[in-house]
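A.B. asks: quick one, fold the following:
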Amino acid sequence: ILLWASFALTAAGIIWYSMELKNNGTDPHLIAWFSAGAFVLLGFPISMYGIVMHLTHYCQPNIQCYVVRILFMVPVYSIESWLCLRFHASAIYIETLRDCYEAYVLHSFFQFLIQVLGGEDSLILMMKDKSPTRGCHCWPLNYCLKPWQMEQPLICHGTCVHWTSPFFLQCKLGVIQYVALKNICAMLTMILELN
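C.D. replies: Numbering: from 1, shown residues only. Sure, this is the predicted structure:
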């Protein structure tokens, strides 16, 4: 409780000091830059503590590697925002790096969910027992989209039987498409902003 109280008081102090700067006629850009820097100094140690704790207690590496990647979003976003406020001319480069990392983290989150649910094979076997009605879309999407196939068609390879899930494959394809398009759009935005 003492830790959270100190964070709340620090945040209140930052807001109060920003108001004092505004009342004394300081440039609004400098107020925003100071406030953002103070919140970076507040959020960075908290997220780094969580990352270091996961790395020191690395007992489930197939899950914790994804958790660490996701936790790095706080320092990346906070420092990126602070740097963009300070260096306007270079902001497009910094935002491009942030967008690429965001796509990487989304893919890491998808992989994290797969690992928490037991891996791809276990997830596909778990989904084979789901009702086909789970793939139905709500109104009005049911008029323009076909239901997703939740049941699992069999793929036979000789004597071995493999289960597959069209729903899982569509989700995986969607995440991969998002990652590719996000990176391409970020690079195109940077190129077009430079011209």
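A.B. asks: the helices in the chain, which residues?
C.D. replies: Counting by DSSP state H, the chain has helices at residues 2-23, 28-56, 61-71, 73-86, 91-116, 120-127, 166-194.
A.B. asks: to H137, which of these lies closest?
C.D. replies: H137 lies closest to helix 166-194 among the helices of the chain, at 12.3 Å (C-beta to C-beta). Quick note: C-beta positions are derived from backbone N, CA and C, even for glycine.
A.B. asks: ok, H137 - contacts?
C.D. replies: The contact partners of H137, by C-beta atoms under 8 Å, 6 or more residues apart in numbering, come to 145, 147-148.
A.B. asks: revised request: answer the last question for A186.
C.D. replies: Per C-beta under 8 Å, 6+ apart, neighbours of A186: 95-96, 99-100, 103.
A.B. asks: which one of the residues you listed is nearest to Q170?
C.D. replies: Set against Q170, the nearest of the contacts of A186 by C-beta to C-beta is A103 (18.5 Å).
A.B. asks: so where is this protein shaky, pLDDT-wise?
C.D. replies: 1-3, 130-135, 149-163, 195 (pLDDT under 70).
A.B. asks: mind exporting stretch 179-192 as CSV, just the C-alpha atoms?
C.D. replies: The C-alpha trace of stretch 179-192 is given here as CSV (Å, rounded to 0.1, in the frame of the first residue of the first chain):
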residue,chain,number,x,y,z
VAL,A,179,2.4,-8.3,-38.6
ALA,A,180,3.4,-8.1,-42.2
LEU,A,181,1.0,-5.3,-43.1
LYS,A,182,1.8,-3.2,-40.0
ASN,A,183,5.6,-3.3,-40.8
ILE,A,184,5.0,-2.5,-44.5
CYS,A,185,2.6,0.4,-43.7
ALA,A,186,5.1,1.7,-41.1
MET,A,187,7.9,1.7,-43.6
LEU,A,188,5.7,3.2,-46.3
THR,A,189,4.5,6.0,-43.9
MET,A,190,8.1,6.8,-43.1
ILE,A,191,9.1,6.9,-46.8
LEU,A,192,6.1,9.0,-47.8
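A.B. asks: buried ones in that stretch?
C.D. replies: Of the residues in stretch 179-192, 179, 182-183, 186 count as buried by neighbour count, 16 or more other C-beta atoms under 10 Å.
A.B. asks: what about it, distance to the chain center?
C.D. replies: Distance of stretch 179-192 from the chain centroid (C-alpha atoms, centre = their mean, to the nearest Å) equals 17 Å.
A.B. asks: sorry, back to before: highest neighbour count among the contacts of H137?
C.D. replies: Neighbour counts for those peak at W148, which has 16 neighbours (criterion: other C-beta atoms under 10 Å).
A.B. asks: now, the most widely separated pair of the buried residues of stretch 179-192?
C.D. replies: Farthest apart among the buried residues of stretch 179-192 - using C-beta to C-beta - are V179 and A186, which lie 10.9 Å from each other.
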